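Undergrad: quick check, what structure comes out for this input:
(one chain, ligands or ions: 2)
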Amino acid sequence: MKGRITVLCENTVGRRIGFGEHGFSAFIETGQGNYLFDTGSGHSIVKNSHELDKNLRTIRKIFVSHGHYDHTGGLPEVLKLTGEVDVHAHPHVFLDRIHLIRENGKETKRFVGIPYKRRYLESLGAHFILNTNFEKVGKGIFLTGEVRRKASFEKPDPSLFAEIDGKTKTDMFPDDQSLILDTKKGLILILGCAHSGMINILNHVIKKTGKEKFYAILGGTHLDFLTPEQLEETVKVLTKMKIEKIGTSHCTGMRAAFRLYQEFRERFFYGHVGSTLEI
Ligand SMILES: [Fe+2]
Ligand SMILES: [Fe+2]
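TA: Ligands and ions are numbered 1, 2, ... in the order given. Predicted coordinates:
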């Protein structure tokens, strides 16, 4: 497989073009067509696609990593350009989700779920294909499906909740899925927020593909929102794995990105708006 991955939406801008926003999206060009992984929060995807010369009308499939607004908010703008298109996601992508903000002794609830109803997105052309298991979605392209939480140090974010059967529960994100490209260089893994834990995801991918050589990992790791101890445990395991390049974005945050740079040096890059990865 030959091609290129370009970060379309991300929190930071690094090439003097495009707009930053809280969110993530990657445009994937391959010999078999173009794909979109996530859509950002909706403020920058169309503008950035023009600036980066990526034609959203050419997208063959959309993959959604999970139901947070900063990955799904751009869906209407993209669908208005693609028309009818397959949208792959987990059934829990439509859950109502809450971020509980604790500041100065006060608690504030903020809605952070998918901002649009399924029917509205379908009226714009979305054909939802819902999966829970590891699934082949193209030649050499796979979705992880649900990732089991096995690493004892990978804890859920204590400020994120989901409404399940009328009850507010800690969000365990069964819908968190990542995309795998199986290339000659090795596996390329694209993460949304890695809510099920970066190490859990990598181990799941190794188990499902039977391969352990990662050419590159790109995307959000959520490490900035977790404890320093979890970051250190994650770094310890990552350095023992076969990873050629690591490109962090979005909810990785600066603290965790600097820490990963310390370990990976020339193998590290920051996946800001406009950064690319040759497949
Ligand atoms: Fe996110
Ligand atoms: Fe998220």
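
Undergrad: who in this protein is up against ligand 2?
TA: Neighbours of ligand 2 within the chain, by CB under 5 Å from the ion: 68, 193. C-betas here are computed from N, CA, C, even on glycine.

Undergrad: hmm, 8 Å instead?
TA: Neighbours of ligand 2 within the chain, by CB under 8 Å from the ion: 65-66, 68, 70-71, 112, 160, 173, 176, 192-193, 195, 220, 222, 251.

Undergrad: any idea how far residue 138 is from residue 35?
TA: 7 Å (CB to CB, to the nearest Å).

Undergrad: okay, and the common contacts of these two?
TA: Residues touching both residue 35 and residue 138 by CB atoms under 8 Å, 6 or more residues apart in numbering: residue 61.

Undergrad: between these two, who's got more neighbours?
TA: residue 35 (25 against 18; other CB atoms under 10 Å).

Undergrad: in the host helix or strand of that one, which residues are buried?
TA: Residue 35 belongs to strand 33-37 when assigned by DSSP states H and E. Using 16 or more other CB atoms under 10 Å as the test for burial, strand 33-37 gives 34-37.

Undergrad: what lies in contact with stretch 182-189?
TA: 1, 5, 140-142, 178-181, 201-202, 205, 209, 211, 213-219, 242, 244, 277, 279.

Undergrad: could you work out the end-to-end span of that stretch for me?
TA: 9 Å (CA to CA, to the nearest Å).

Undergrad: which parts of that stretch are buried?
TA: The neighbour-count check on stretch 182-189 (16+ other CB under 10 Å) flags 182-183, 185-189 as buried.

Undergrad: what is the mean pLDDT for that stretch?
TA: Mean pLDDT, stretch 182-189: 97.

Undergrad: and what of stretch 253-267?
TA: On average, the pLDDT along stretch 253-267 is 96.

Undergrad: how many neighbours does the closest residue to ligand 2 within the stretch 1-150 of the chain have?
TA: Among the residues of the stretch 1-150 of the chain, residue 68 lies closest to ligand 2, at 3.6 Å counting by CB to the ion. When neighbours are counted by other CB under 10 Å, residue 68 registers 31.

Undergrad: so it makes contact with residue 97?
TA: Yes. Here residue 68 reaches residue 97: they are 6.5 Å apart, a contact under CB atoms under 8 Å.

Undergrad: can you pull the residues that touch both of those two?
TA: Counting by CB under 8 Å, 6+ apart, the residues touching both residue 68 and residue 97 are 112-114.

Undergrad: list the buried residues for stretch 235-251?
TA: 235, 238, 243, 245-251.

Undergrad: and these, which of them are in helices?
TA: Within these, residues falling in helices by DSSP state H are 235, 238.

Undergrad: helix or strand: which one has residue 269?
TA: Per DSSP H and E: residue 269 is located in strand 268-270.
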